[in-house]
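**Student:** could you work out the structure for the sequence below:
(chains A and B)
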Amino acid sequence: MRALIDRKANGMTQERASRKKGSHTATVLSNVQAGECFWKLRFRFEGEAAQAFAGFRPGQFIQFDTSELAIPSIETIPVALRNGARRNVLLRRPFSFSDVTVESNVTTADLLYCIVGPASLRMTTLREGDTASIVGPLGNGFAVREGTRIALLVVGGMGLPPIRCLAKSLSVEHPDITAVAFIGSRTVNALPLEERPAVFEEDLSLSVPTFATLGVPSMVATDDGSAGHRGPVTECLSQWLQENADRPREEIVVYACGPERMLAAVARIANEKDIDCQVSMERRMACGIGLCQSCAIECRLADSDETIYKLCCQDGPVFDAREVVFGTDDA
Amino acid sequence: MSVEFAGLRLANPVFTASGTCGYADELADFMDVDALGGFITKSITLKPRKGNPTPRIVETDAGMLNAIGLANVGLERFVAEKLPVIARMKSAVFVNVAGTTIEEYVAVVERLAGEKALAGFELNISCPNVKKGGISFGTDPAQVEEITRAVKKACGSKVLIVKLAPAVTDISVTARAAVAGGADALSLINTFTAMVIDIETRRPVLTNRTGGLSGPAIKPIAVYLVNKVYREVAREARIPLLGLGGIRSAADAVEFLMAGATAVAVGTASFVEPDCAVQIVAGLRDYCARKKITRLAELTGSLDRPA
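**Tutor:** Below you'll find the model as predicted:
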């Protein structure tokens, strides 16, 4: 029989306890279908939860527990989603925000979501006054480098929310930076725009209200030509860069969020012009806090042919586009 | 709440399971990691491993599949970066060791056996997500005995836990083999190999095709297998069991204890509630108070004792 080994205190407990983040309670202020393809959920956080947002950066995300939410009645569920609708939800789901307002003891945050499966389907049943459990904000958001004069914001479809959030933060915190938005989509109805302009201009204009109210001119590109420019949004970005070729490249930063194929194309354009580019990536995640290692992003090591996996949740979700090896995830 | 586990006195019987709690204090922002009875690191291999391409996970009904592929920093960086942090942790820390050859397992254990910060090792011979090693060691009783014996020799005075694969014809056979090889404790169960197919693309969802099923879906099977190994092997051999598989509440933990476990580990549930394990410690305390249980050892295997 071995001697019993006693493993006892050495006084770390209190220091750690003061760093505890944990899950927070969010109260629903509103939850409405805001467009053909998407819903808008507004949260309110108070006290400790509100303070967790003190250092919030656009592009950061939360992990949202939908497992205890009700399933909507079956006849209201789109036919294509009925198969999976009753499946139990176990894991939290990651979401970024389109708008965050941090006040002393209250934080409000807007989350735009599409119904794609059992978790988002359950979210539609949230009503004013309901509470929900979230962990976050998590990860690294967009960074504004010293010397930036021009921010080129590139959106693909549901990549809009964190870019909209960034546009707001730039207009409030960096009025000296000129922002321009390029908004791409398969078709205009797939864009999470709450207010639709009567006419989508073909060129940069203040026609898209969600950016116009921030003083950010924008242009829309759709694959099917249903609004704005017909073709990929990267054509608009390229054209802007060509027309503004005289601007010093050090003054320009590209910020992008959207499908990985779009991000890859944006990164290629930025790289050709040697312009800094930050991309917000997406992966299937279980924990969102670096434990499960599921959200791997293949990244280049500086001055090497070797690649490593970084974690979308912890090292990202915003990455320097130069380091990302795109196209390795087709989820 | 304290328990004796393979000669160690633990503050409580709740561990966090390998691969769900990082290398050291990654969960410290979310809970008091010193409130855990035990902590099992992510699998460490001799050389660093990148792991599998994504998608590495998919959610299922009441569970999830993972095919991470033993991604880890490797022994060298573990020693340099993680061990100093582990040295400051109060709970009993076990390093989960994986490899593709017996020599690799032994090399990792030999390097770490002298480290005061560690309570012992958990031998991962049941990972379903790597091409070589992993589960192939864990399903053949002769190999289980051989690798356990080799690693035990390298362990010095440290505790050796052998983690058993659940998908075998008779888990008691592999349990006996591990005990014969010198295991100080057994942990069970690891995940079940499983598959999810995307019917639109007609492809498996995971790049690895298959992944290990974990979460509440496997709990009743895990309880049964713990009870089976307790009755057929562990009770007589006086080998403690670390029970795991789908635990997310104190009630779940009590089931495992009653089935025959001396301690329990929380895995997938930590992904959902990062402080789940310490909540379970509190819940166990409440249960014991309500049932007037003074020693947790009373619960272990109580299913098979007259009340």
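
**Student:** which stretches of chain B have low pLDDT?
**Tutor:** For chain B, the stretches with pLDDT under 70 are B:127-135, B:306-307.

**Student:** can you give me the helices in it?
**Tutor:** Taking DSSP state H as the test, the helices found in chain B are B:74-77, B:83-86, B:102-112, B:135-138, B:141-155, B:171-180, B:219-229, B:235-237, B:250-259, B:269-272, B:276-290.

**Student:** and the stretch 151-300 of chain A, by the same measure?
**Tutor:** Secondary structure of the stretch 151-300 of chain A (DSSP state H, counting those that start in this stretch): helices located at A:160-173, A:209-212, A:233-243, A:260-272.

**Student:** for chain B, find the nearest of the ones you listed.
**Tutor:** Across the helices of the stretch 151-300 of chain A, chain B has its closest neighbour in helix A:260-272 (10.9 Å, CB to the nearest CB). Placement of C-beta: from N, CA and C, glycine included.

**Student:** what sits up against that closest one?
**Tutor:** A:154, A:156, A:159, A:184, A:232-234, A:237-238, A:241, A:254, A:256-257, A:276-277, A:279, A:281-282, A:321-322, A:324, A:326-327, A:329 (CB atoms under 8 Å, 6 or more residues apart in numbering or on different chains).

**Student:** domains of chain A?
**Tutor:** By the assignment in automatic domain parsing, chain A contains the domains A:20-138, A:150-323.

**Student:** need the residues of the stretch 51-200 of chain B near chain A, please.
**Tutor:** B:51, B:53-59, B:61-64, B:66, B:68, B:71, B:88-92, B:119, B:157 (CB under 8 Å from any CB of the partner chain).

**Student:** quick check: phi and psi on the residue nearest to A:Phe45 when sequence neighbours are not counted?
**Tutor:** In space, and not counting its chain neighbours, A:Phe45 is closest to A:Thr107: 4.3 Å by CB to CB, 6 or more residues apart in numbering or on different chains. The phi and psi values for A:Thr107, taken as degrees, to the nearest 10, are phi -120, psi 130.

**Student:** count the residues that sit near A:Thr107.
**Tutor:** By other CB atoms under 10 Å in any protein chain shown, the residues close to A:Thr107 number 23.

**Student:** how near is it to chain B?
**Tutor:** Per CB to the nearest CB, to the nearest Å, A:Thr107 is found 19 Å from chain B.

**Student:** contacts only, for that residue.
**Tutor:** Each residue near A:Thr107 by CB under 8 Å, 6+ apart is listed here: A:44-45, A:49-50, A:53, A:56, A:100-101.

**Student:** among the residues you listed, which one lies nearest to chain B?
**Tutor:** A:Ala49 (14.2 Å).

**Student:** what residues are up against the closest one?
**Tutor:** Residues counted as contacts of A:Ala49 (CB under 8 Å, 6+ apart) are A:24-26, A:107, A:134.

**Student:** could you redo the last one with a cut-off of 7 Å?
**Tutor:** A:24-26 (CB atoms under 7 Å, 6 or more residues apart in numbering or on different chains).

**Student:** isn't there a strand covering it?
**Tutor:** No. Under DSSP: H, G, I helix; E, B strand; the rest coil, A:Ala49 sits outside any strand and is assigned helix.

**Student:** quick one: low-confidence residue ranges for chain A.
**Tutor:** For chain A (pLDDT under 70), the answer is A:1-20, A:328-331.

**Student:** ok, back up a step: neighbour-wise, which one of the contacts of A:Ala49 leads?
**Tutor:** Of all the contacts of A:Ala49, the most densely surrounded is A:Ala26 (27 neighbours; neighbours counted as other CB under 10 Å).

**Student:** returning to what we had before: tell me the most buried of the helices of the stretch 151-300 of chain A?
**Tutor:** helix A:160-173 (a mean of 23; mean count of other CB atoms under 10 Å in any protein chain shown).
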